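>>> just coords:
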């Protein structure tokens, strides 16, 4: 597993590679510039001598080897600002390579090598780097002077490359020293930075790892001057807040579910024990079985509701959102429940407006609407009415279910969608309810990005409103 320290090591190696590449580029560029400077100086000196020879063509033949216009050449060299401590020398050769004249500081060289002379005849200007007898590198320039298409003289300019090599060696030393110091500072700085960065993280990890279930109420504290670490601490504490709330809800949910399941199980156990105390008639056994069957049905309904809630409280709700027209879905539900409404002598009607399609899961939306309509029919007395309305409200599509039942007391309205919450009046009317129907509706609505709300008046009825968002073009899947 990779760590931040290994990342810092890799970054240091990357910096080292970058410095090596940069140093190589600086060295190559500096060498090329120095090389160009040296060649330029040689060419300037050779052209100065060539200009003099062309102006006075007989000066070479009429003078000795070292008594030619040395003063004139020396003056032109000073005009070119040559380095005073760099050795420069000049020579003039005949077309066949014999030495005709050389400057006073020139070393002995009687002729030009044949291969160099051949190149000068073809290329006019030739540069060469050679090693002198003392081992000092030198740069040579050979320049031909032509008259009437024939080579009359070959000029040679020579300079020592001692300063050239010393400059490059000094540059290598400076690059190596600078790179080494940079790497050392970067390594020490990265270790210091890693320590500063990892210390708060280690503190957070230690605090989180030592927390137990009994410490869920505690929160991590980190005294850091950096806002990123304060933000990280705040984010971790926010996660702990959500985890604590989830744990409390889960614990409460389990307690209430166990309590709700305890009642039918206790009744089952009591009926079985009473039936086994003594011999019973067939009719008595039948009554006991029917009673137990009702409790089993209650347990099955409770278990089914619990499984549904468990699906929606997981990380991903089990909904498949596709463009869906609500009117035919609601019409099918109303048609299915019309017989039940007629049996209870309740008027069930559906009023629909033209509404856009929504992104929804037909199966789960049908489950939510059935729960709402079943509640409305259950708590509406004979002769009452239940009305379903489909309409557009702003950017929402609303399904409104209105009944003329008993109504809900105001103090119960804020808790109506809590799990296992049931009003006293509802418990008295329906002892077999689970108190999970409306919480399931709430979970389904929120999984669709919608809401569920209720308004009610005692003895006038209740109005449940399921709102689903109208999708934009960006949210409609292709």
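Looks like it came in fine. On a predicted model such as this, the values are computed, not experimentally measured, just so you know. Numbering: from 1, shown residues only.
>>> which phi and psi does the residue nearest to residue 421 when sequence neighbours are not counted have?
Nearest residue to residue 421 in three dimensions, chain neighbours excluded: residue 415, at 4.9 Å (Cβ to Cβ, 6 or more residues apart in numbering). Using the backbone N, CA and C atoms, a C-beta is placed for each residue, glycine as well. In terms of degrees, to the nearest 10, the main-chain angles of residue 415 are phi -110, psi 10.
>>> tell me who's in contact with the closest residue to residue 171 other than its chain neighbours.
Leaving out its chain neighbours, the residue that sits closest to residue 171 by Cβ to Cβ, 6+ apart is residue 30, at 5.5 Å. Residues near residue 30 by Cβ atoms under 8 Å, 6 or more residues apart in numbering: 167, 168, 171.
>>> picking up where we left off before, if I look at the residue nearest to residue 421, how far off is residue 279?
48 Å (Cβ to Cβ, to the nearest Å).
>>> can you name the element that comes right after the helix or strand of the chain with the lowest mean pLDDT?
Ranked by mean pLDDT, DSSP states H and E, the weakest helix or strand in the chain is helix 70-79, scoring a mean of 48. Per DSSP states H and E, helix 70-79 leads on to strand 88-93 as the next helix or strand towards the C-terminus.
>>> name every strand pairing with that next one and say which way it goes.
Here strand 88-93 is paired, per DSSP bridges, with strand 99-102 (antiparallel), strand 150-160 (antiparallel).
>>> what does the average pLDDT come to for the first one?
What that stands for is strand 99-102. Model confidence over strand 99-102, given as mean pLDDT, is 84.
>>> chain center to it, what's the gap?
75 Å (Cα atoms, centre = their mean, to the nearest Å).
>>> quick one, the helix or strand following it and strand 150-160 angle?
Going down the chain from strand 99-102, the next helix or strand is helix 114-123, by DSSP H and E. Here the directions of helix 114-123 and strand 150-160 differ by 120 degrees (axes from the mean of the first three to the mean of the last three Cα atoms, to 10 degrees).
>>> tell me the helices and strands packed up against the helix or strand following helix 114-123.
Toward the C-terminus, helix 114-123 is succeeded by strand 125-131 as the next helix or strand (DSSP H and E). When contacts are defined as 3 or more Cβ pairs under 8 Å, 6 or more residues apart in numbering; DSSP states H and E, strand 125-131 packs onto helix 4-55, helix 114-123, strand 137-147.
>>> for these, which one ends up most surrounded?
strand 137-147 (a mean of 18; mean count of other Cβ atoms under 10 Å).
>>> who does it pair up with?
Each strand paired with strand 137-147, and its direction, by DSSP bridges: strand 125-131 (antiparallel), strand 150-160 (antiparallel).
>>> after the longest one, next one along is what?
Sequence-wise, the next helix or strand beyond strand 150-160 is helix 162-209, with elements assigned using DSSP H and E.
>>> domain-wise, how is the chain divided?
Domain assignment for the chain, taken from automatic domain parsing, gives 4-168, 227-312, 322-469.
>>> okay, the strands paired with strand 88-93 in JSON lines with mean neighbour count and distance to residue 318 next?
Conversion of these to JSON lines gives the following (neighbours: other Cβ atoms under 10 Å; distance: least, Cβ to Cβ, whole Å):
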{"stretch": "strand 99-102", "mean neighbour count": "20", "distance to residue 318": "100"}
{"stretch": "strand 150-160", "mean neighbour count": "21", "distance to residue 318": "87"}
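>>> now a PyMOL select for only the buried ones of the contacts of residue 30.
Buried residues within the contacts of residue 30, by 16 or more other Cβ atoms under 10 Å, are selected in PyMOL with:
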select buried, resi 168+171
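>>> okay, helices next: where are they in the stretch 301-450 of the chain?
Under the criterion DSSP state H, counting those that start in this stretch, the stretch 301-450 of the chain contains helices at 326-343, 362-378, 424-429, 437-447.
>>> nearest to residue 257, out of the ones you listed?
Between residue 257 and the helices of the stretch 301-450 of the chain, the tightest spacing by Cβ to Cβ is seen for helix 437-447, at 12.0 Å.
>>> now the closest one: buried residues?
Buried, per 16+ other Cβ under 10 Å, within helix 437-447: 437, 438, 439, 440, 441, 442, 443, 444, 445, 447.
>>> I'd like the distance between the last one and residue 367.
Applying Cβ to Cβ, the value for residue 447 to residue 367 is 11 Å.
>>> show me the shaky parts of the stretch 51-200 of the chain.
Applying pLDDT under 70 to the stretch 51-200 of the chain flags residues 57-87, 133-134.
>>> returning to what we had before: pLDDT value on the residue nearest to residue 421, please?
In this model, residue 415 carries a pLDDT of 81.
>>> tally of neighbours for it?
10 (other Cβ atoms under 10 Å).
>>> re earlier: out of the helices and strands packed on strand 125-131, which is closest to residue 108?
Relative to residue 108, the nearest member of these by Cβ to Cβ is strand 137-147, separated by 13.7 Å.
>>> compute the inter-axis angle for the closest one and helix 162-209.
Interaxial angle of strand 137-147 relative to helix 162-209 (the same axes, to 10 degrees): 130 degrees.
>>> now find how far off-centre strand 137-147 is within its chain.
Worked out by Cα atoms, centre = their mean, strand 137-147 lies 63 Å from the chain centre.
>>> distance to residue 285 for the helices and strands packed on strand 125-131 - can I get that in CSV?
Formatted as CSV, the helices and strands packed on strand 125-131 follow (distance: least, Cβ to Cβ, whole Å):
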stretch, distance to residue 285
helix 4-55, 74
helix 114-123, 125
strand 137-147, 120
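>>> residue 472 is nearest to which of those?
helix 4-55 (42.0 Å).
>>> give me the distance between residue 277 and residue 271.
Using Cβ to Cβ, one gets 11 Å for the distance from residue 277 to residue 271.
>>> show the contacting residues for residue 327.
352, 355, 390.
>>> quick check, nearest of those to residue 94?
Among those, and counting by Cβ to Cβ, the member closest to residue 94 is residue 355, at 108.5 Å.
>>> that closest one - how many residues pack around it?
Using other Cβ under 10 Å, residue 355 has 19 neighbouring residues.
>>> with residue 380 instead?
Per other Cβ under 10 Å, the neighbour tally for residue 380 reads 22.
>>> ok, the residue nearest to it when sequence neighbours are not counted - contacts?
Nearest non-adjacent residue to residue 380, counting by Cβ to Cβ, 6+ apart: residue 405, 4.1 Å away. Residues in contact with residue 405 (Cβ under 8 Å, 6+ apart) are 376, 379, 380, 381, 384, 461, 462.
>>> please look at the first one and residue 464 and confirm they touch.
Yes - counting by Cβ atoms under 8 Å, residue 376 sits close enough to residue 464 to count as a contact (7.4 Å).
>>> would CSV of the contacts of residue 30 with distance to residue 19 be doable?
Listed next are the contacts of residue 30 as CSV, based on distance: Cβ to Cβ, whole Å:
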residue, distance to residue 19
167, 21
168, 18
171, 14
